[in-house]
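**Q** Here is a sequence together with a model predicted from it:
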Amino acid sequence: MATETDNIESFVNQRYKHGFVTDIDSEGFPPGLDEDVVRAISARKNEPEFMLEWRLRAYRLWLEMTEPAWAHVHYPPIDFNEISYFSAPKSDKDRPKSLDEVDPKLLETYDKLGIPLHERARLAGVAVDAVFDSVSVATTFKEKLSEAGVIFCSFSEAVRNHPELVRKYLGSVVPQRDNFYAALNSAVFSDGSFVYVPKGVRCPMELSTYFRINAANTGQFERTLIVADEGSYVSYLEGCTAPMRDENQLHAAVVELVALEGAEIKYSTVQNWYPGDENGKGGIYNFVTKRGDCRGANSKISWTQVETGSAITWKYPSCILRGDNSVGEFYSVAVANNFQQADTGTKMIHIGRNTRSTIVSKGISAGHAQNAYRGLVRVMPQARDARNHTQCDSLLIGKDCGAHTFPYMEIKNPSARVEHEATTSKISANQLFYCRQRGISEEDAVNMIVNGFCKEVFKELPMEFAVEAQALLNVSLEGAVG
Amino acid sequence: MLEIKDLKASTGDTPILNGLSLSVKAGEVHAIMGPNGSGKSTLAQVIAGHEDYVVTSGSVVYKGKDLLELDPEERAREGIFLGFQYPVEIPGVNNAYLLKAALNAKRKHHGQEEVDAFEFLKLAKEKMAMLGMDPKFLNRGVNEGFSGGEKKRNEILQMAMLEPELAILDETDSGLDIDALKAVAQGVNALRSPDRAIVLVTHYQRLLDYVEPDVVHVLSGGRILRSGDKSLALELEEKGYDWVREAANA
């Protein structure tokens, strides 16, 4: 099994390496970042003046900021002038024409993950026109949404067609100066998703980036904004369980969620960026800022994430519990294998009265990986009767990996009730032998134990996603033992 | 069914089995008795394929196959069951899930159709009723927070579900109250058949009051010193293990 995994990885790695030192396509910009590049991005996208001003302000703020160094991760310094900040989509002639031209090992991985056939071609980067047979599905989907009044489009479209909404909410949760990567993203973001659910509307289906036409090539600086107006509900699925090929090593996305009075947003992520090879070479740096603002009373934001990819993950989906009685939830499974490094967790900021938050974090480390949970629970002086429950469990596979927990609590109101539970366990040789003696192979035994460990989080995922996530975990940990 | 010849095995640098021979035929129940440290548990672990024990010489043939060539899971699927002395806890893994996976791994190996959730539950409830177990057991984590007696009953439940051809029970009777002991004995007796063999590894003769063995062996210093019928167990109980050692040295 181990060799097979290596083969898959080395194949994917090759492609990544190729992409990383890529020639700039004729339509792309040369590497480097200055005000002219920011202006050019905005011009290329035909953005209104306010958008350009917003980007430039972010760029100027970014210039004065320094890269954060507090995370429990290590990587060589990034030269931001080596990056090209606008690349045109890859032309079809460079892509495989059909699945027959795609490496069978990659297809094998898709097969193990149970990825539908029409999906595989898109993921493997086959020229889209040749395979995109789901346009009709997407069209029906769009019709249904517009009947309900839900806006779901690319960020660029939103800037063009709904500038008033973008202007009102963009940066209202994650301001440009929030942090180094958020500032960079604000200056140069390429595209992303925009969702607006009107008052009292329960979004008729789960929104997934897959159904957003033009979803391809959102680039390395993705921007997502979801606004749920009063009394509305939306469930949003991000990502994909298939190994995503991408040309760029640095990814710095920003996701902003706004829940107005009585609204609920459920945001589920399955992230499987290329993690680097078994020696820790290559792999995506995933430095993401995700934050939700429970702006109105009785609102709720729930983050569920399954993180298996990336060489380095730096990510803290957070909730600002501003409205009275608002609820924030964070359910996370983070897997780190080989030389992956993950520093992930959440922040729950209690501001309104009677606000509640729940944190369930499951970290799995294997190989030489380092997995850190970093969480902050802050109860502001005015947040009377705030409650938090944090549960933080780590599972170690093998003897060379590490798990770290950094829980921070800042409680400024004496009526708060805050609970923290943490456990660290190990898959022991005795557990594996016990399972094997019952006829279960070592690999199945590991999967069984890992899935048992994660089930509290998996049950928060939409059903189909949960099944995929389980399969993904099994593939991610292949060869982790023995 | 099982033919062990001149088996030597060690863990680390310590030899534990020193030329052990044992022959078990289908339909038989064997009891292996002996003082602490005599190698009883090592024998059970070596048959099951635990990697901490290295076989240095000798042979183990099971149903005509070289058992030492097989992985632990292959041995299990071929019908070898080990009832553990200290069943391990696997938190978060549902008891029913493990049991169903084990049952289906075996069925698949033998080209049989896998059981679905419904059939599985029916079968499990039947066996649990027989062993006087609460069906709630199925929904708990494997051995998680089980009492000593519950863990042993759980081993017997797994054995009853998997219907092994060769069951080795490693001190399944130790630490049990009389009710649990009777339940274990009942499970073992229910499994007795002309096609199966059972090996009871035990320190005391207590269990043998409920499960009558065909052959009793006394193990000491990694070798079988004496074999006899069930009266040997009674004699041991009366005279203690020193008697066997003295008799062997004489």
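**A** Yes, it's here.

**Q** And the pLDDT for residue 108?
**A** No chain in the question, so chain A it is. For A:Glu108, the pLDDT comes out at 69.

**Q** not what I meant, chain B
**A** pLDDT for B:Lys108: 95.

**Q** Quick one: the strands in chain B, in order.
**A** Using DSSP state E, the strands of chain B run over B:2-11, B:14-24, B:29-33, B:54-62, B:65-66, B:80-83, B:90-94, B:141-142, B:166-170, B:197-202, B:215-220, B:223-228.

**Q** before we move on, what about the stretch 51-200 of chain A?
**A** Using DSSP state E, counting those that start in this stretch, the strands of the stretch 51-200 of chain A run over A:151-154, A:191-197.

**Q** And the residue of chain B that's closest to chain A?
**A** Of all residues in chain B, B:Gly92 sits closest to chain A, at 3.3 Å by Cβ to the nearest Cβ. Quick note: C-beta positions are derived from backbone N, CA and C, even for glycine.

**Q** doesn't A:Val450 make contact with that residue?
**A** No: look at B:Gly92 against A:Val450 with Cβ atoms under 8 Å: they stay out of range, at 9.0 Å.

**Q** Please give me every residue in contact with the residue nearest to the residue of chain B closest to chain A when sequence neighbours are not counted.
**A** In space, B:Gly92 comes closest to A:Gly452 once its chain neighbours are excluded; the distance is 3.3 Å by Cβ to Cβ, 6 or more residues apart in numbering or on different chains. Taking Cβ atoms under 8 Å, 6 or more residues apart in numbering or on different chains as the criterion, A:Gly452 is in contact with B:90-94, B:97, B:141.

**Q** quick one: which of B:Gly92 and A:Val450 has more around it?
**A** A:Val450 (26 against 21; other Cβ atoms under 10 Å in any protein chain shown).

**Q** export stretch B:149-160 as PDB, just CAs?
**A** C-alpha atoms of stretch B:149-160 as PDB (Å, rounded to 0.1, in the frame of the first residue of the first chain):
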ATOM      1  CA  GLY B 149     -16.400  -9.500  33.800                       C
ATOM      2  CA  GLU B 150     -18.000  -7.500  31.000                       C
ATOM      3  CA  LYS B 151     -14.800  -7.600  29.000                       C
ATOM      4  CA  LYS B 152     -14.600 -11.400  29.300                       C
ATOM      5  CA  ARG B 153     -18.200 -11.800  28.300                       C
ATOM      6  CA  ASN B 154     -17.600  -9.600  25.400                       C
ATOM      7  CA  GLU B 155     -14.800 -11.900  24.200                       C
ATOM      8  CA  ILE B 156     -17.200 -14.800  24.500                       C
ATOM      9  CA  LEU B 157     -19.800 -12.900  22.500                       C
ATOM     10  CA  GLN B 158     -17.200 -12.300  19.700                       C
ATOM     11  CA  MET B 159     -16.300 -16.000  19.800                       C
ATOM     12  CA  ALA B 160     -20.000 -17.000  19.500                       C
END
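
**Q** what's the pLDDT at residue 248?
**A** Defaulting to chain A. 58.

**Q** ah, no, chain B please
**A** So, for B:Ala248, pLDDT stands at 62.

**Q** got it, and A:Asn217?
**A** 44.

**Q** From B:Leu208, how far off is the residue lying closest to B:Leu181 once chain neighbours are set aside?
**A** Leaving out its chain neighbours, the residue that sits closest to B:Leu181 by Cβ to Cβ, 6+ apart is B:Asp173, at 5.9 Å. Distance check for B:Asp173 against B:Leu208: by Cβ to Cβ, to the nearest Å, it reads 9 Å.

**Q** what sits in contact with each of the two?
**A** B:200, B:202.

**Q** What does the pLDDT read for residue 100?
**A** You didn't say which chain, so I picked chain A. With respect to pLDDT, A:Asp100 has a value of 69.

**Q** I was thinking of chain B, sorry if that wasn't clear
**A** At B:Lys100, pLDDT is 94.

**Q** Now do the contacts for the closest residue in space to it that isn't next to it in sequence.
**A** Leaving aside its chain neighbours, B:Lys100 sits nearest to B:Phe120 (4.9 Å; criterion: Cβ to Cβ, 6+ apart). Applying Cβ under 8 Å, 6+ apart, we find B:Phe120 in contact with B:96, B:99-100, B:103.

**Q** before we move on, what about B:Asn95?
**A** B:137-143, B:154.

**Q** what about the helices in chain B?
**A** Under the criterion DSSP state H, chain B carries helices at the ranges B:40-48, B:72-77, B:95-109, B:117-131, B:148-162, B:178-191, B:231-239, B:242-249.

**Q** and the shortest one, what does it pack onto?
**A** Helix B:72-77 sits against helix A:429-437, helix B:40-48, helix B:95-109, with contacts defined as 3 or more Cβ pairs under 8 Å, 6 or more residues apart in numbering or on different chains; DSSP states H and E.

**Q** Would you mind pulling the contact partners of that helix?
**A** With Cβ under 8 Å, 6+ apart, helix B:72-77 has contacts from A:433, A:436-442, B:47-50, B:62, B:67, B:102, B:105-106, B:109-110, B:162.
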